[in-house]
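Enquirer: Provided below for reference: sequence and predicted model.
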Amino acid sequence: MIHQSFHHASDRHVTRRALLAAGVAGAGLLLARRVPVARAAEQAAAANGRLRITDIETHEITVPYEDWIAYELNHFYGPTRRTIYVVRTNSELIGLGESDSREPDAVLAKYIGSNPFDWVGDETSLGLGIAMYDLMGQAAGVPIYKLFGQKYRSWIPAAAWTVSTHPKRMANAVQKFSARGFTWLKYHLSPFENVIDQMEAMQAVAPKNFKIHHDLTMGGTDDHTFELLEKISKFPIAGCFEDPLPEKDIDGYVELRQKCRLPILYHHSPLGAGFETQRRAADGYILGHAKIGDAIRRAGLFAQLELPFSLQNVGGTITRAMTVHMQAAFKTAHLHFNSDTETWKADVVKERLEPVNGQIRVPERPGLGLTLDRAELERLKNLKLPEQPKWIIKTKFSNGTMMYNIADPHDSLFMVRPDKRRLVTLNYDAPLVTEYWDPDGTPAFRDMFQRLEKEGMVLERP
């Protein structure tokens with residue numbers, strides 16, 4: 001069934017005429033979706049008068065991870081910070097938005113004095129665009145999905161997320177997230193962990209039909225990709241592969257998709273999911289942090305070509321709610337999405353959108369359907385979490401060789417693409433185990449850390 005859900009589109013190449021038609025259809029879809037928004041604007045004006053943005057509060061918050069997963073997430077990223085937008089109007093309506101970092105003052109100024117309905121198909125800011133749609137929906141008295149058009153689904157598939165870590169911790173993540181109602185778990189593979197050991201550990205505890213979404217971060221290892229994917233595919237828990245090749249290798253994606261038994265997903269598509277779709281380079285697409293207007297256009301293209309896709313916008317419940325609304329109204333947006341909301345144990349709204357059998361219900365209240373928790377917002381603004389210091393990745397190969405590297409939470413990409421330091425090329429199936437060596441005040445740690453600062457990486461014979 002999983003293979004069918006990704007492969008319902010025809011595998012034949014799309015002609016230039018068909019691709020042009022798809023582009024026209026995408027533009028037409030964008031235009032058509034302005035019609036219900038225009039009507040909503042008229043209704044809102046009749047009920048509320050002309051809405052106008054008067055002020056935008058920006059709140060930078062620190063959010064604690066769930067206790068059971070905080071150890072590994074802190075080692076990869078350190079404390080999580082987000083920006084919350086509370087948008088005030090000349091009415092009692094308040095819109096909510098959020099982003100990874102604060103928008104510059106010049107961007108905020110563009111919204112002041114405007115009508116939320118001026119930002120239909122917002123291409124300026126995803127975080128503030130969410131707040132504009134929240135206000136539009138509230139003003140019109142409808143849930144956000146109705147501003148995009150007809151609803152195609154009431155329940156939206158969602159995936160949990162974690163980082164690549166020791167097999168025992170990976171198995172724990174499967175148990176924890178499946179108990180919370182998730183049926184998919186995504187993670188980026190890391191050459192510092194053996195993926196087959198991880199799969200065996202997760203398979204041993206996974207409920208039936210629980211699936212793993214493997215993100216290979218566009219290569220960077222010396223693996224033979226097809227052989228590696230075949231090894232992983234033999235596990236019943238294996239679900240799909242994201243970005244298994246360098247992003248520009250469209251021909252490679254076409255060939256790999258024809259050979260691989262599991263779906264191939266394209267996230268970092270080099271041409272923005274344009275020409276790649278004509279080549280049928282992937283079974284599905286992921287739009288990461290796409291601004292609302294861009295997501296609408298891509299949704300039209302994907303609908304015309306019958307290509308499944310999902311939106312990947314990382315954030316709290318505000319972001320998760322917006323993603324759910326959008327995927328409810330986009331015809332082929334039926335792939336599981338990631339927002340990572342489940343990794344944090346606090347939020348600035350009172351509602352929680354939790355999955356049931358892997359699906360999240362689309363809210364039916366006006367706007368996002370969320371209520372600001374002002375007290376929790378203030379608490380998270382004042383919350384000070386300790387920074388994760390640099391640490392040492394201590395890796396032991398089966399032949400006794402030891403490998404040491406410095407890990408920096410401000411450079412988390414290194415954990416999945418160590419080739420970026422131009423010191424060594426590794427692979428995902430090497431016989432090794434890794435430990436996290438935190439600063440412990442010992443001479444041994446100090447000496448190794450100083451040596452790594454000079455040499456970059458250390459390899460020692462047994």
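Expert: That came in fine, so what should we check first? Residues are numbered from 1 along each chain as shown.
Enquirer: grab the nearest non-local neighbour of the spatially most central residue of the chain.
Expert: By C-alpha atoms, centre = their mean, the chain has its centre lying nearest to residue 312, at 3.6 Å. Of all residues not flanking residue 312 in the chain, residue 288 sits nearest, at 4.5 Å (C-beta to C-beta, 6 or more residues apart in numbering). C-beta coordinates here come from the backbone N, C-alpha and C atoms, glycine included.
Enquirer: again, but for residue 398
Expert: residue 431 (3.8 Å).
Enquirer: touching, the one you found and residue 395? I think so.
Expert: No. Using C-beta atoms under 8 Å, residue 431 makes no contact with residue 395, being 10.9 Å away.
Enquirer: so those two - more neighbours on which side?
Expert: Neighbour tally, residue 431 and residue 395, criterion other C-beta atoms under 10 Å: the higher count belongs to residue 395, 20 against 11.
Enquirer: what does the host helix or strand of that one rub up against?
Expert: Under the criterion of DSSP states H and E, residue 395 resides in strand 391-397. For strand 391-397, contacts defined as C-beta atoms under 8 Å, 6 or more residues apart in numbering pick out 75, 192, 402-407, 415, 430-439, 445, 448-449, 452.
Enquirer: are any of those residues buried, and which?
Expert: Buried by 16 or more other C-beta atoms under 10 Å: 75, 192, 403-407, 415, 430, 432, 434, 437, 445, 448-449, 452, out of the contacts of strand 391-397.
Enquirer: all strands of the stretch 301-450 of the chain, in order?
Expert: For the stretch 301-450 of the chain, applying DSSP state E, counting those that start in this stretch gives strands covering 309-312, 359-361, 391-397, 402-407, 432-437.
Enquirer: can you lay out those as JSON lines showing mean pLDDT and distance to residue 220?
Expert: Output for those, formatted as JSON lines (pLDDT from 0 to 100; distance: least, C-beta to C-beta, whole Å):
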{"stretch": "strand 309-312", "mean pLDDT": "98", "distance to residue 220": "20"}
{"stretch": "strand 359-361", "mean pLDDT": "98", "distance to residue 220": "33"}
{"stretch": "strand 391-397", "mean pLDDT": "98", "distance to residue 220": "16"}
{"stretch": "strand 402-407", "mean pLDDT": "98", "distance to residue 220": "15"}
{"stretch": "strand 432-437", "mean pLDDT": "98", "distance to residue 220": "17"}
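Enquirer: distance to residue 262 added to the ones you listed, as CSV?
Expert: Output for the strands of the stretch 301-450 of the chain, formatted as CSV (distance: least, C-beta to C-beta, whole Å):
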stretch, distance to residue 262
strand 309-312, 16
strand 359-361, 21
strand 391-397, 28
strand 402-407, 30
strand 432-437, 25
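Enquirer: quick one: low-confidence parts of this structure?
Expert: Within the chain, the segments meeting pLDDT under 70 span 1-49.
Enquirer: helices along that one, start to end?
Expert: Ranges of helices in the chain, per DSSP state H, are 2-6, 16-48, 70-77, 105-111, 126-140, 167-179, 195-205, 225-233, 250-259, 275-278, 292-305, 317-329, 374-382, 443-455.
Enquirer: closest one to residue 182 among the strands of the stretch 301-450 of the chain?
Expert: If you check each of these against residue 182 by C-beta to C-beta, strand 359-361 wins as the nearest, at 9.9 Å.
Enquirer: helices or strands next to the closest one in the packing?
Expert: Helices and strands touching strand 359-361, as assessed by 3 or more C-beta pairs under 8 Å, 6 or more residues apart in numbering; DSSP states H and E, comprise strand 155-157.
Enquirer: so which elements touch the strand it packs on?
Expert: Strand 155-157 is packed against helix 317-329, strand 359-361, with contacts defined by 3+ C-beta pairs under 8 Å, 6+ apart.
Enquirer: pairing partners for that strand, with directions?
Expert: Note on strand 155-157: by DSSP bridges, its sheet partners are strand 359-361 (antiparallel).
Enquirer: picking up where we left off before, nearest to residue 95, out of the helices of the chain?
Expert: Comparing these against residue 95 with C-beta to C-beta, the closest turns out to be helix 126-140 (3.8 Å).
Enquirer: for the closest one, name the packing helices and strands.
Expert: For helix 126-140, the packing partners by 3+ C-beta pairs under 8 Å, 6+ apart come out as helix 16-48, strand 80-89, strand 94-99, helix 105-111, helix 292-305, helix 317-329.
Enquirer: what's stretch 99-107 in contact with?
Expert: Residues outside stretch 99-107 that contact it (C-beta under 8 Å, 6+ apart) are 58, 60, 81-83, 85, 124-128, 314-315.
Enquirer: give me the distance between the residue nearest to residue 398 and residue 194.
Expert: Using C-beta to C-beta, to the nearest Å, residue 431 is found at 7 Å from residue 194.
Enquirer: equivalent analysis for residue 99, please.
Expert: Going from residue 99 to residue 194 by C-beta to C-beta gives 36 Å.
Enquirer: same question, residue 238
Expert: Remark: distance between residue 238 and residue 194 (C-beta to C-beta) = 15 Å.
Enquirer: kindly report the same for residue 216.
Expert: 15 Å.
Enquirer: so what's the residue count around residue 386?
Expert: Residues lying near residue 386 (other C-beta under 10 Å) number 8.
Enquirer: phi first, then psi, for it.
Expert: Backbone torsions of residue 386, given as degrees, to the nearest 10, read phi -60, psi 140.
Enquirer: quick check: closest non-adjacent residue to it.
Expert: Residue nearest to residue 386 in three dimensions, not counting chain neighbours: residue 79, with 7.6 Å by C-beta to C-beta, 6+ apart.
Enquirer: residues contacting the one you found?
Expert: Taking C-beta under 8 Å, 6+ apart, we find residue 79 in contact with 62-64, 385-388.
Enquirer: reformat these as JSON lines; add distance to residue 347.
Expert: Putting these into JSON lines (distance: C-beta to C-beta, whole Å) gives the following:
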{"residue": "62", "distance to residue 347": "12"}
{"residue": "63", "distance to residue 347": "8"}
{"residue": "64", "distance to residue 347": "11"}
{"residue": "385", "distance to residue 347": "15"}
{"residue": "386", "distance to residue 347": "21"}
{"residue": "387", "distance to residue 347": "22"}
{"residue": "388", "distance to residue 347": "22"}
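Enquirer: would you mark the buried spots in stretch 191-204?
Expert: For stretch 191-204, the neighbour count (16+ other C-beta under 10 Å) marks 191-199, 201-203 as buried.
Enquirer: likewise stretch 424-431?
Expert: Across stretch 424-431, burial judged by 16+ other C-beta under 10 Å covers 426, 428-430.
Enquirer: and which of the residues you listed is nearest residue 52?
Expert: Nearest to residue 52 among the buried residues of stretch 424-431, with distances taken as C-beta to C-beta, is residue 428, at 53.8 Å.
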